[in-house]
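**Student:** Show me the folded form of this:
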Amino acid sequence: MSPRYRGANQAGTVVAVVADIMALILGLWILMYLLDANRANSLVQFVHDAATWLAGWSHDLFTFDEAWARVVAGYGLAAVVYLFVGHAIANRMHRH
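**Tutor:** Below is the predicted model of the structure:
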């Protein structure tokens, strides 16, 4: 690999890692919600706040009757979009 392209590869890797972390936070909140984690716990509060911020655009997008279905669909959609878009951008950066 020539030194000229090394920066683009590193930037693509950073984009992919950031997308993975965002999806991990969203997935972690879905898991905590489904397992009925203690919302008074600081870690649970942090994950919930971060996930709510990350999924602000998809939160309450679906109107299922069951609350767990709304959480899985809303936060899950955000996680999938972040993974798909983040890795698509990273792959594009790796090619150039």
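**Student:** ok, how many other residues are close to L43?
**Tutor:** Neighbour count for L43, taken as other C-beta atoms under 10 Å: 11. Every residue, glycine included, has its C-beta placed from N, CA and C.
**Student:** meant to ask about M32, not that
**Tutor:** 19.
**Student:** In this protein, where is pLDDT below threshold?
**Tutor:** 1-8, 96 (pLDDT under 70).
**Student:** and the residue positioned nearest the centre of the chain, how far is that from I30?
**Tutor:** For the chain, the residue nearest the mean C-alpha position is A23 (2.2 Å; C-alpha atoms, centre = their mean). Separation of A23 from I30 (C-beta to C-beta, to the nearest Å): 10 Å.
**Student:** Mutual contacts of those two, please.
**Tutor:** Common contacts of A23 and I30 (C-beta atoms under 8 Å, 6 or more residues apart in numbering): A79.
**Student:** Need the distance between the two termini of stretch 58-68.
**Tutor:** Criterion C-alpha to C-alpha, to the nearest Å; first-to-last residue distance in stretch 58-68 is 15 Å.
**Student:** list the helices and strands the longest helix seen in the chain packs on?
**Tutor:** For the chain, the longest helix by residue count, based on DSSP state H, is helix 3-34. Helices and strands touching helix 3-34, by 3 or more C-beta pairs under 8 Å, 6 or more residues apart in numbering; DSSP states H and E, are helix 42-54, helix 67-95.
**Student:** Can you tell me which of those is most buried?
**Tutor:** Mean neighbour count, computed with mean count of other C-beta atoms under 10 Å, is highest for helix 67-95 among the helices and strands packed on helix 3-34, reaching a mean of 16.
**Student:** so that helix versus helix 3-34, what angle?
**Tutor:** Taking axes from the mean of the first three to the mean of the last three C-alpha atoms, to 10 degrees, one finds that helix 67-95 is oriented at 170 degrees with respect to helix 3-34.
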